[in-house]
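Q: Sequence and predicted structure below; questions after.
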Amino acid sequence: MDDDSESAGSDEDGGEAEEAEKKPAKSKGPAPLTRAEKRAAARVAAAKSARRRRIGQAIAGTVIVLLAIGGAFAGVWYFGDRAEQQKTECKKPDQSAYPPLLGGFDKRLADEPKTEAGTEQSVGVRTVKTLIQGKCKTVKAGDTVVVNYVGLTYKDGKVFDSSWQHKQTFPVQVGMLEQGQQAQVIEGWDRGLVGLKVGSRVILDIPVKEAYNNADGYPKGDLRFYVDILDIQAADSSGGLQVPGN
């Protein structure tokens, strides 16, 4: 009977061992950090954070410097060159010369334009081609403008009149027909110069019906004018007109 008991005990022990082997072993997590390791990790994190702050501060500093430099240049331009330009732009110079050019005018207006005949068979309708765009006042109907001009016949380009030859600018009131009054010049001029800006140089092509209409003693056919708009005249205290530069 003892043998049977020992045998049974052995079987039970063997069964328990097998069951123990079948059970999976419990996984162990990472070992907790020691105080020294925690302090080392904190130092690394602080160093990374400080490095990021330094990089951010460096970038911000560079941006601020660039903005300051840009602002300085803008300030020099605006309060320096630009301010000086605004003082003289579209204003009469202290000394008169021919032609009398206002401040800021395109320097090409100081030279007589090179002219050429038209390229079409005839001028069907009045056209205005801008060669130099002015930046000053716009000519309105009733204004008296001061101009330089060269007049030529459209078809062959023959010059028949020029203010440059006389070295004398020409003042003329324009836009009179628009106001229901008698025009002081040919219709092509009276209507064609309104709306242009002072400081402009244009080619004004005029059909015969808006020119001299083939009248005796005047240029025949379609005409072409090179016109520089130099100023708009102002009335003085006596009611007379002042010609710029004179």
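A: Structure received. Numbering: from 1, shown residues only.

Q: where do the helices sit along this protein?
A: 2-22, 35-76, 82-88, 163-166, 187-192 (DSSP state H).

Q: And the last one, what does it pack against?
A: Spelled out, it's helix 187-192. strand 201-206, strand 223-232 (3 or more CB pairs under 8 Å, 6 or more residues apart in numbering; DSSP states H and E). Any C-beta I mention is one placed from the backbone N, CA and C, and that applies to glycine too.

Q: What residues of that helix count as buried?
A: 187-192 (16 or more other CB atoms under 10 Å).

Q: got it, and the fourth one?
A: Judged by neighbour count using 16+ other CB under 10 Å, the buried positions of helix 163-166 are 163-164.

Q: Not counting its neighbours along the chain, what's nearest residue 167?
A: residue 98 (5.2 Å; CB to CB, 6 or more residues apart in numbering).

Q: wait, residue 224
A: residue 154 (4.6 Å).

Q: pLDDT score for the one you found?
A: As predicted, residue 154 sits at a pLDDT of 98.

Q: Can you report how many residues lie near it?
A: 24 (other CB atoms under 10 Å).

Q: One more: residue 134?
A: Neighbour number of residue 134 under other CB under 10 Å is 24.

Q: Now the nearest residue to it once chain neighbours are set aside: phi and psi?
A: Sequence neighbours aside, residue 199 is the residue nearest to residue 134 in space, at 2.7 Å (criterion: CB to CB, 6+ apart). The phi/psi pair for residue 199 (degrees, to the nearest 10) reads phi 100, psi 0.

Q: Residue 132 is in contact with residue 199, correct?
A: Yes - look at residue 199 against residue 132 with CB atoms under 8 Å: they come within range, at 7.4 Å.

Q: can you list residues touching both of the two?
A: 106, 109 (CB atoms under 8 Å, 6 or more residues apart in numbering).

Q: quick one, what contacts the most centrally placed residue in the chain?
A: With distances taken as CA atoms, centre = their mean, residue 135 lies nearest the centre of the chain, 13.4 Å away. Residues in contact with residue 135 (CB under 8 Å, 6+ apart) are 89-90, 104, 197, 199.

Q: Filter the residues you listed down to just the buried residues.
A: 90, 104, 197, 199.

Q: Let me have these in a markdown table, adding pLDDT and distance to residue 121 as columns.
A: A markdown table is the format used below for the buried ones among the contacts of residue 135 (pLDDT from 0 to 100; distance: CB to CB, whole Å):
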| residue | pLDDT | distance to residue 121 |
| --- | --- | --- |
| 90 | 93 | 40 |
| 104 | 92 | 39 |
| 197 | 97 | 31 |
| 199 | 97 | 33 |
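
Q: Of these, which pair is most distant in space?
A: Within the buried ones among the contacts of residue 135, two members stand farthest from each other by CB to CB: 104 and 197, at 12.0 Å.

Q: okay, and the common contacts of those two?
A: Shared contacts of residue 104 and residue 197, counting by CB under 8 Å, 6+ apart, come down to 135-136.

Q: hang on, the earlier thing: where does the residue nearest to residue 167 land on pLDDT?
A: So, for residue 98, pLDDT stands at 91.

Q: From residue 110, how far off is it?
A: As defined by CB to CB, to the nearest Å, residue 98 lies at a distance of 9 Å from residue 110.
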